[in-house]
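Trainee: Just the structure for this:
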Amino acid sequence: MANKICIFEGINYRNLLPLVHFRPVYNLRTGILSLREKIERNYPNTPIVLHARDYLKDVVQQNNPSLVVNNFEGNNILFINGRVIAKENFSEMIPLKGTDRLYVNGDDIVAARISGSKLKEIKRALHGLLDHESFEGLIKEEVDVQLIKYPWDLVHTNGDQIINDFKLIDKSNNLENAKIYDGVYLLNKDSIYIGEGTSIKPGVTIDAEEGPVYIGKNVTIYPNAYIQGPCYIGDKSIIKVNAAIYKNTSIGKVCKVGGEIEDSIIHGYSNKQHDGFLGHSYLGSWVNLGASTTNSDLKNNYGSVKVIINNEQIDSGQQFVGLTMGDHSKASINSIFNTGTVVGVSCNIFGEGFPPKYIPSFSWGGKEMLTTYNIDKAEEVAERVMLRRNIPFTDIDKNLFAAVYDFTSEERRKRGMPF
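Mentor: Below is the predicted model:
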């Protein structure tokens, strides 16, 4: 029987860039919970070890001081791929108890229960990334488990994940100490959760007729906003006057959101607080979209959207794919983004017209020209923005910026971007 769980990163993390430049894959969110939280719910009271790429180790430890990172003591461990979407019966399909075994879904590793001499081999490899070679010699078992491959997978499963997560998470103290003003409409009230300290002003409609709505603690929703489920709004976020938040949308904690949003995921501490449209999009943390920023999520010919991933054009097979934007990136007022645009981390985008559909990390500019964003200025802005939310920009964060800046330099060089 495995006595602990290791949530690991494999080589396919690259398909989820730029969203995972600053975080391990299991910290991506779809639904109400992150991928890691979905796994942990399946194995309560089981010690967790986190595995991350070497350059992420310190920041993962900084953000999880009580957990073990990249240190694998013990003689029996269940390894679980951080790209897994763990359903409510995941621990029944992949139990802690049993003989050594490799669980797969097609070509993807889902999990591996390992002990003895094989575990010693794995421990030696865990300073890198795990792949099929790491688990050679184990008996294989095919399991029906979904794994995230590309950023749009997170977006397209988001509505279903909100519904599933809503069933599982604690909904006690619903409406306790929340202030619901006269003139607020709650449609299908039994599928609405409103957390402690939340304030919902007159004229707001919360519509759970097509799916649940989960609103966290100390959220403020200003008058005449419309919120349609399935939807999740994290703690301490603000929804602006006349906002229209349509179904299949997740908004992290401490966000400011306005305008029109549908089928999108926004990580915590990001702002899109003015008019403009955001659809079928995924925004990292500390993103800011200026007033009237709008993205396209549907081609005029209604065809499949092609997206550049790892300098390779991928046919998504999806009719709707919007903007993917990495952490700490900003867009000026009136910015527009074409269908399937990818923006790296720590970019500053401005100017008229559509910028390129792929913008490398640490870019400065827009349609007319892109140049390299000076690393010192990028760090200075990040520190200033984070301190506004009383979060320090530590030496570990600074080292993370420097590491990502260095290994994304080749992307910028290939595009002839001045340094």
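Trainee: how does the protein divide into domains?
Mentor: 4-149, 155-414 (automatic domain parsing).
Trainee: Worst mean pLDDT among those domains?
Mentor: Across the domains of the chain, domain 4-149 has the smallest mean pLDDT, namely a mean of 92.
Trainee: And that domain, how far out from the chain middle?
Mentor: 17 Å (C-alpha atoms, centre = their mean, to the nearest Å).
Trainee: Between its first and last residues, how far does that domain reach?
Mentor: Taking C-alpha to C-alpha, to the nearest Å, domain 4-149 runs 26 Å from one end to the other.
Trainee: Number the residues from 846 up from this point.
Mentor: Yes, from this point I'll number from 846; that puts the last item at domain 849-994.
Trainee: where do the strands sit along the stretch 1146-1264 of the chain?
Mentor: 1151-1154, 1157-1160, 1169-1170, 1175-1176, 1181-1182, 1187-1188, 1193-1194, 1203-1204, 1208-1210, 1215-1217 (DSSP state E, counting those that start in this stretch).
Trainee: Specify the stretch among those that is closest to Ile967.
Mentor: Checking those against Ile967 by C-beta to C-beta gives strand 1151-1154 as the closest, at 28.4 Å. Quick note: C-beta positions are derived from backbone N, CA and C, even for glycine.
Trainee: which strands and helices sit next to the closest one?
Mentor: Packing partners of strand 1151-1154 (3 or more C-beta pairs under 8 Å, 6 or more residues apart in numbering; DSSP states H and E): strand 1157-1160, strand 1187-1188.
Trainee: and these, which is most packed in?
Mentor: Highest mean neighbour count of the helices and strands packed on strand 1151-1154: strand 1187-1188, a mean of 25 (counted as mean count of other C-beta atoms under 10 Å).
Trainee: Measure how far it is from the centre of its chain, please.
Mentor: 14 Å.
Trainee: Give me the contacts around that strand.
Mentor: With C-beta atoms under 8 Å, 6 or more residues apart in numbering as the contact definition, strand 1187-1188 has outside contacts at 863, 1152-1154, 1168-1171, 1174, 1176, 1182, 1194, 1202-1204, 1208.
Trainee: strands paired with that strand, and their directions?
Mentor: strand 1169-1170 (parallel), strand 1203-1204 (parallel) (DSSP bridges).
Trainee: would TSV of those strands with mean neighbour count and distance to Ala957 be doable?
Mentor: Formatted as TSV, the strands paired with strand 1187-1188 follow (neighbours: other C-beta atoms under 10 Å; distance: least, C-beta to C-beta, whole Å):
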stretch	mean neighbour count	distance to Ala957
strand 1169-1170	31	30
strand 1203-1204	23	35
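Trainee: possible to save the ones you listed as CSV with distance to Glu933?
Mentor: Shown next, in CSV, are the strands paired with strand 1187-1188 (distance: least, C-beta to C-beta, whole Å):
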stretch, distance to Glu933
strand 1169-1170, 28
strand 1203-1204, 37
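Trainee: what's the closest of the ones you listed to Ala1223?
Mentor: strand 1203-1204 (14.0 Å).
Trainee: which residues sit against the closest one?
Mentor: Contacts of strand 1203-1204 (C-beta under 8 Å, 6+ apart): 1153, 1156, 1186-1189, 1192, 1194, 1215.
Trainee: go again using 10 Å as the cut-off
Mentor: By C-beta atoms under 10 Å, 6 or more residues apart in numbering, the surrounding residues in contact with strand 1203-1204 are 863, 1152-1154, 1156, 1158, 1169-1171, 1174, 1182, 1185-1189, 1192, 1194, 1210-1211, 1215, 1256, 1260.
Trainee: Which of those are buried? Put it as a PyMOL command.
Mentor: A single PyMOL command selects the buried members of the contacts of strand 1203-1204 (16 or more other C-beta atoms under 10 Å):
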select buried, resi 863+1152+1153+1154+1169+1170+1171+1174+1182+1185+1186+1187+1188+1189+1192+1194+1210+1211+1215+1256
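Trainee: contacting residues for Asp1010?
Mentor: 875-878, 882-883, 886, 933, 1057, 1059, 1075, 1077, 1095 are the contacts of Asp1010 under C-beta under 10 Å, 6+ apart.
Trainee: now the farthest one out in the chain, which residue is it?
Mentor: Ser962 (35.7 Å; C-alpha atoms, centre = their mean).
Trainee: re earlier: now the two most distant members of the contacts of strand 1187-1188.
Mentor: Farthest pair in the contacts of strand 1187-1188, by C-beta to C-beta: Ile1154 and Ala1176, 20.6 Å.
Trainee: Quick one: closest of the strands paired with strand 1187-1188 to Asn1022.
Mentor: Using C-beta to C-beta, the strands paired with strand 1187-1188 put strand 1169-1170 closest to Asn1022, at 35.1 Å.
Trainee: Can you give the distance from that closest one to the centre of its chain?
Mentor: 10 Å.
Trainee: what about the closest residue to Phe1238 other than its chain neighbours, how many neighbours?
Mentor: Nearest residue to Phe1238 in three dimensions, chain neighbours excluded: Glu1228, at 3.7 Å (C-beta to C-beta, 6 or more residues apart in numbering). When neighbours are defined as other C-beta atoms under 10 Å, Glu1228 has 16 of them.
Trainee: ditto for Tyr1067
Mentor: 18.
Trainee: before we move on, what about Tyr900?
Mentor: 15.
Trainee: Tell me the spacing between the residue found closest to it once you drop the neighbours it is linked to in the chain and Ile877.
Mentor: Of all residues not flanking Tyr900 in the chain, Ala1248 sits nearest, at 4.5 Å (C-beta to C-beta, 6+ apart). Distance, Ala1248 to Ile877, by C-beta to C-beta, to the nearest Å: 31 Å.
Trainee: Before I go, just wanted to say thanks for your time.
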